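Visitor: Sharing a sequence plus its predicted fold:
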Amino acid sequence: MSDRPVDIEALLSRELAGFDPLQRGGSATPIGGVIVNWRTIDDADARATWDALRDWVEWVSVRYNIPVSVIPNCWYRHPALVEELSALHTAHVAAFDSSDSGYGPISWHERFAVASARLTRAYGGGCNNGHQATKPRSWAAVIDAQDWDTWANPPTCTEATPPPTKGETDDNPHPRHS
């Protein structure tokens, strides 16, 4: 070390040379896995995405001894189950990413514990003797177009409680869903 006094201004000038506060370093790539939006997945990405999810589902179901009553062999045919498993897969990849600070694995296990009940509800059983298609909910012919148009336009749509429609009574506020 030198006995000369340190020129702080010179040190700062050298350190900040070329620094542009508008240019941030690092990658914009998300940590871990890519979030899958099954509703809008591109055909070109679908096969590889399904294969990666299948590999992970097979691994996690063996590793954690998840029974067939929770994740059936036909899991990929149950949309709600696919959504839950896909979210867990993405969280797992992110949690075990090498850039994680060390809390990812325990956080994933906490998420997994919470998701276990949702997995059971997402499947609901019934495929013990082969896949049984679930009857999907449908909105066809459920909402009256005129009723919707009346409701969706201000000031009606900003009210806390929708006004009664024809056929509604205090005993049966939703006659279409009886």
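Guide: Nice, thanks for sending it over.

Visitor: and the residue nearest to the spatial centre of the chain, how far is that from A94?
Guide: The central residue of the chain, meaning the one whose C-alpha is nearest the mean C-alpha position (C-alpha atoms, centre = their mean), is A87 at 4.7 Å. Summarising the geometry, the distance separating A87 from A94, computed by C-beta to C-beta, to the nearest Å, is 11 Å. C-betas here are computed from N, CA, C, even on glycine.

Visitor: quick revisit: confirm that the residue nearest to the centre of the chain sits in a strand.
Guide: No - with DSSP: H, G, I helix; E, B strand; the rest coil as the criterion, A87 is assigned helix and is not in a strand.

Visitor: Any idea how far apart the tips of stretch 73-87 sit?
Guide: For stretch 73-87, the first-to-last residue distance is 19 Å (C-alpha to C-alpha, to the nearest Å).

Visitor: buried ones in that stretch?
Guide: W75, H78, L81, V82, E83, E84, L85, S86 (16 or more other C-beta atoms under 10 Å).

Visitor: how about the fifth one, what does it touch?
Guide: E83 makes contact with W38, A122 under the criterion C-beta atoms under 8 Å, 6 or more residues apart in numbering.

Visitor: what's the helix or strand for it?
Guide: Using DSSP states H and E, the secondary-structure element containing E83 is helix 79-95.

Visitor: Would you tell me what the next helix or strand after that helix is?
Guide: Downstream of helix 79-95, the next assigned helix or strand under DSSP H and E is helix 104-123.
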